[in-house]
Every structure is written in C-alpha cells, then in structure tokens.
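Peer 1: Could you work out the structure for the sequence below:
(chains A, B and C, ligands or ions: 2)
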Amino acid sequence: MPCRSCEVTDLKTQERFTPLARFPLHVSRDVVQARQSVARELRDRGVSNIRVTRFSTAVSEIARNVIVHGGGGEFSVYLDPAAGYLMTVSSDKGRGIADIPQALTDGFTTAGGLGRGLGGAKRLADVFEIISSADGGTTIKMGIKL
Amino acid sequence: MPQTDTATILRILEVDFNSIVEEWVGSQIEEGVKRSDLFSDSENRAQNVELLRSFAKGVRAGVVDSEFDLKDTAWEDLRATLSDITKERVKRGVTPTEMATFVLALKAPMFERLKKELADNPEGLIGEVLMISRLVDAFGIYTNEVFINEREQIIERQRLEMMELSTPVVELWDRVLTLPLIGTLDSARAQEVMENLLETIMQRQARVVIVDITGVGTVDTQVAQHLLRTAAAVRLMGAECIISGISPMIAQTMVQLGIDVGTVSTRSSIRSALDDALKKMGYEITKIKGN
Amino acid sequence: MSGIASIHLVENALLVSIQDDVNDTEILELQDSLSRRIAQDNVAGVIIDISALEIVDTFVGRVIAQLAGISKLLDAKTYVVGMRPAVAMTLVELGMYLPEAQTALSLSHALSQLRSD
Ligand SMILES: Nc1ncnc2c1ncn2[C@@H]1O[C@H](COP(=O)(O)OP(=O)(O)O)[C@@H](O)[C@H]1O
Ligand SMILES: [Mg+2]
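Peer 2: Ligands and ions are numbered 1, 2, ... in the order given. You can find the predicted model right below:
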C-alpha cells in the first residue's frame, strides 16, 4: 500500500511535497508496481505514449538498481506543480556509488549486469540527479516534463 | 480632481467622434501607415470607428482614480475588436511597427482638441494630455502584444503543417511504405519523423519501408546517427528498412565519419530500393510483351 | 507462483506471450523453461510475443538477447514479435539493438518466415 500522507523533501530546495504514491522496493514485483504507477499518473495527465514509455523504462532501471545494488529501499512519486514536472525519488541505504561518472558510462557494471541502466535512465529522463555516499546510500531523483 | 482627468477626453470623444476618426485615418496616411495596398479606405474607416468606439467605452468605465488596466472587464470590447483586427492584419502581412504606429496615431487628433478645449486651463490640459498619452500608449503596447501573440500562433501552425507536409509516409504497395525526406534533419524533426514512421508501420502492418534521402541536403554525424537509429527501430518492430538515395558525397561523408552502415541495407536510388522491396513481397516488375 | 505466460507449441515453434506485469524473477524462470523446451521439443523456432509490453528495459532486453543466443546453440531461431513503436524507440536509445534476435510484426509473420527458412 502506498503511503499517501508522508511527505518528501526536495533534495535541493528543501521544499516539501506530498507524494502521489509511495512504494517499498524489496522484491522484483515492486519494480513493476513502481513503474506501472508512474505510467498511470503520466497517462492520466495526457503525456504521449512514447514519453510515458521512455520515462517508465527509466523508472524500471533505477528501481531495479535499488534492489540489486542498494539492498532495497523505497520509491515515491510526486508532482512539482510550479515547474510542471512529475518527479520520482528512489532511495536506499546501500553502499553508495563510488564513482558516479563511471557508473553512468554505458557498459560499466559491478555486478555482471549489462551496465546500461543508469546511463540509459539519465538519457530517458528530463531531470536526473544522483546523491550518493558510502554511508548514506543512494538517492536518485528523476523528472519528466508534463 | 481625479474625475476631471478624463472629463474633457470623454466629452471630445462623444461630440467629435466622426471628425476624430477622419483625422486618425488622415494622420495614418501622412505617416505612411495606411496600407492602401492592403486595405480599402472604407474598410480602414470602419475599423477605426470600431476601435475608437470601444476605446471610448473603456475610458468611460475603466479609468478609476487615474488608474486603469486594459485587462479589466471594462476594456473587454476593445480587446475583442483589437483581436479581430489584428488577426486579419497579420494575415495580410502588416508588420508590428505598422500596427503600433496605427494605434499611436490617435494621439495627434486628441492632443489637438484638448489644446483647444483647455486653452485657459493649463493645469487641466497637462493632466488630460498625460492621461490620454498613457491610455494610448497602453493601447499601443497591448496591440503589439496581441499582434506578436497572433504571429507566434501562425508560425507554430505553419511549423506543424510543414512538418506534416515534409514527412509524409506514403504507401507504395501493399505493406510497402516510403518516407521521402526533404530538407534538413535536426534532432527534433528526426525524432518526429521516426515516431510517425513507426506508428504507420504498426497501423499498416508494413513489412518494408524505404527511407529516401535524395532530398536531404547534408548528412552530418547527427543525421547519419538518426537514420541508423530509425533503421534499427524499424527492424526491432519486425519490418525491414532500406535507405535509398545515398549520393556519392554522402557515402564519402558516412565512411569518413566512421559510421558503421554494416547492418543497414542501402540502395543508391529509390528505384532499386522499390525493386528490392517488391521482390521481398514476392512481386516483380516486368515489361509487358509487345510494348 | 509461476504466474508467467504458458508456452504453446505452434507448428514447429514455441510461442509465448509475455504480459506487462512480468517481473525479473518470472522472466528468468521463463528463460529457463524455454531453453529446456527447445531441446525437448526439437523446435525450429521460439516466438516471443511482446505486444503487451509497455516497456522493455535493459534487463528484459538482455534476457531476450540471451535467449536468442541459447536458441542459436540449440539450432533454433528466436523471433521477437509485436514490439510497440515506443518500445522500439526507447530500446534504440538505450543502445540495445538485439542483433541476435529475429523480429516480426506478428505471429503469422514470424511463422511465415520460419516456414520459408
Ligand atoms: N542504488 C545503487 N547503489 C549502489 N550502486 C549502484 C546503484 N545503482 C547503480 N549502482 C552502480 O552503478 C553500476 C551501473 O548501473 P547500471 O548502469 O544500472 O548497470 P547494471 O545494473 O547492469 O550493473 C552498477 O553496476 C552499480 O555498481
Ligand atoms: Mg541496472
């Protein structure tokens, strides 16, 4: 069940938004739930097919990384009405990404993956920010213009 | 005091309405604004009458304590009239400067009359001249805004129309499509072209598509990458993509840029591409005997 | 719970339709059972209908590519059919061209290609 009452804080502005939906990310089913809920929100707001697909693909990549590399975490979707964006925030308390530019390079993987997820997600989203540290885990914010 | 700011203006507009219109039209001719090539005299006069009437209406109801805002409801009529006239003038090719000058030309006949009416009241004269100046200036600025807005809408409409015109997906044969590309391909256009093509493939269940680049001026790395991506996406959907119309120049560029064309089928002319496509569909073009 | 698509034998090919809510665990299970069935049923092809999929990300794309590789070793061809335009564009942007797999517009298109091989 998404928790609708919890608030998220914008990473940069510290502004608080009420999420449209919030999901745990622990098992692979959670990834599907997260990306389908994003797709639904976007379609409800009249976003074109191709843009819905591009952004939900990015969400799928990032959400999977939380489970595979970050040891699980959570995911929330919210609206930034002022800027006209739908935003997502995924976060985990894992070991963090040591070298972000390297992790964004197509083909780089530490887990025998394809290594195209992170860089791909960055190309598919309109907004993409990573905050990561060895002790604080990884938080990734993505946005799509509505 | 506040009320007197527009008292004379309003009286003049009422009593002298017709002659003000005459002079307004006249000053436009003097300043070279009236486009006799675009408007007939009677048309121009009718429009000036309409505008002046709604302007007067606005001044009567829309100026409170010397303050006004053309976005208030009191100015509704003026906005509507202006919007109609602007639309029409933009269509006929009138420029924003001509349009603004047209409005500002209203100042001269108004000043003239205020000077006469308030000859023995210099203070009142200054007040009302300032007021009419502010009003006409606001009127002119608003006109400019409406005008630019209208032009932008036209440009956007034309851009969309051109986009559609310039990227028609044509069904050459049952399940054979062609996309003749013309002009320059930037990223935004390439994206739209690709979307349009892929959607049509799905709708028509097309097996072969010919992307003809005979009409594309230059092929740089970006354009070449877009073409290859389009071809790759077409293949992923289950259709085949043939790129035709590759000139010797473009072939040279592509090789020099080190672009891997290995996986895409290319033909020099749309004719051989069509021949190829039909063969793939199990057809052949043959000469009718005796012809 | 293996709620994943069931595998059908059509002519000399295995057909499977993947549903949009398929998750990573299920898709790996599918790869596993398809690989076994190719050898068991001695088929010429595997047809994966992805027309229901709203997205194919790098994970699913990789599984499909691997499946194509496995079939090839077992002397069968893998056909991906019904990929949506938006999915095709996104995959290309991710740099996934799936060169190992054959593609077709529909099941009947794939079957006719298999027959003519
Ligand atoms: N949430 C995360 N926590 C820790 N490391 C991560 C996280 N997300 C990505 N990474 C690192 O970035 C690398 C690249 O990620 P990605 O491009 O998705 O490739 P893949 O998942 O196939 O390895 C991963 O291999 C991992 O080392
Ligand atoms: Mg990944």
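
Peer 1: Could you say which helix or strand holds residue C:79?
Peer 2: Element membership for residue C:79, per DSSP states H and E: strand C:77-81.

Peer 1: Show me the contact partners of the next helix or strand after that strand.
Peer 2: Next helix or strand after strand C:77-81 toward the C-terminus (DSSP H and E): helix C:85-93. With contacts defined as Cβ atoms under 8 Å, 6 or more residues apart in numbering or on different chains, helix C:85-93 is touched by A:49-50, A:52-54, A:57, A:120, A:123-124, B:194-195, B:198-199, B:201-202, B:229, B:232-234, B:236-237, C:50, C:53-56, C:61, C:83, C:97-98. For every residue, glycine as well, the C-beta is placed using N, CA and C.

Peer 1: Within reach of ligand 1, which of those residues are there?
Peer 2: Applying Cβ under 6 Å from any ligand atom to the contacts of helix C:85-93, one finds that nothing falls near ligand 1.

Peer 1: dump the residue contacts of residue A:87.
Peer 2: Per Cβ under 8 Å, 6+ apart, neighbours of residue A:87: A:17, A:77, A:78, A:79, A:80, A:127, A:141, A:142, A:143.

Peer 1: Same check on residue C:39?
Peer 2: residue C:74.

Peer 1: For it, what is the enclosing helix or strand?
Peer 2: Per DSSP H and E: residue C:39 is located in helix C:24-41.

Peer 1: Pull out the buried residues from that helix.
Peer 2: Using 16 or more other Cβ atoms under 10 Å in any protein chain shown as the test for burial, helix C:24-41 gives C:24, C:26, C:27, C:30, C:31, C:33, C:34, C:35, C:37, C:38.

Peer 1: Might you calculate how far that helix sits from the centre of the chain?
Peer 2: 10 Å (Cα atoms, centre = their mean, to the nearest Å).

Peer 1: what helices or strands is whichever helix or strand comes after it leaning on?
Peer 2: Under the assignment DSSP H and E, the closest C-terminal helix or strand after helix C:24-41 is strand C:45-49. Using 3 or more Cβ pairs under 8 Å, 6 or more residues apart in numbering or on different chains; DSSP states H and E, the elements in contact with strand C:45-49 are strand C:13-17, helix C:58-73, strand C:77-81, helix C:107-116.

Peer 1: Please save the CA atoms from strand C:45-49 in PDB.
Peer 2: Taking only C-alpha atoms (Å, rounded to 0.1, in the frame of the first residue of the first chain), the coordinates of strand C:45-49 have been written out as PDB:
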ATOM      1  CA  GLY C  45      11.900 -21.500 -33.500                       C
ATOM      2  CA  VAL C  46      10.900 -19.600 -30.400                       C
ATOM      3  CA  ILE C  47       8.400 -16.800 -30.900                       C
ATOM      4  CA  ILE C  48       8.200 -14.300 -28.100                       C
ATOM      5  CA  ASP C  49       5.100 -12.100 -28.400                       C
END
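
Peer 1: strands paired with that strand, and their directions?
Peer 2: Within its sheet, strand C:45-49 is paired with strand C:13-17 (parallel), strand C:77-81 (parallel), according to DSSP bridges.

Peer 1: what's the angle from the last one to helix C:24-41?
Peer 2: By that I understand strand C:77-81. 140 degrees (axes from the mean of the first three to the mean of the last three Cα atoms, to 10 degrees).

Peer 1: Now tell me what touches strand C:77-81 from outside.
Peer 2: By Cβ under 8 Å, 6+ apart, strand C:77-81 touches B:236, B:238, C:13, C:44-51, C:64, C:67-68, C:71-72, C:98, C:100-107, C:109-110, C:113-114, C:117.

Peer 1: now that we have the contacts of residue A:87, which one has the most neighbours?
Peer 2: Most neighbours among the contacts of residue A:87, by other Cβ atoms under 10 Å in any protein chain shown: residue A:142, with 25 neighbours.

Peer 1: How about the contacts made by the residue positioned nearest the centre of chain C?
Peer 2: Among the residues of chain C, the one closest to the centroid is residue C:48, at 3.0 Å (Cα atoms, centre = their mean). Each residue near residue C:48 by Cβ under 8 Å, 6+ apart is listed here: C:16, C:18, C:64, C:67, C:78, C:79, C:80, C:81.

Peer 1: got a pLDDT number for it?
Peer 2: Among the per-residue scores, residue C:48 shows a pLDDT of 96.

Peer 1: Please see if the longest helix anywhere in chain A touches chain B.
Peer 2: Scanning chain A for the helix with the most residues, using DSSP state H, yields helix A:49-68. Yes. Residues of helix A:49-68 contacting chain B under Cβ under 8 Å from any Cβ of the partner chain: residue A:50.

Peer 1: Tell me which other helices or strands the next helix or strand after that helix touches.
Peer 2: Sequence order places strand A:73-80 as the next helix or strand after helix A:49-68, per DSSP H and E. Helices and strands touching strand A:73-80, as assessed by 3+ Cβ pairs under 8 Å, 6+ apart, comprise strand A:16-17, strand A:21-25, helix A:28-44, helix A:49-68, strand A:85-92.
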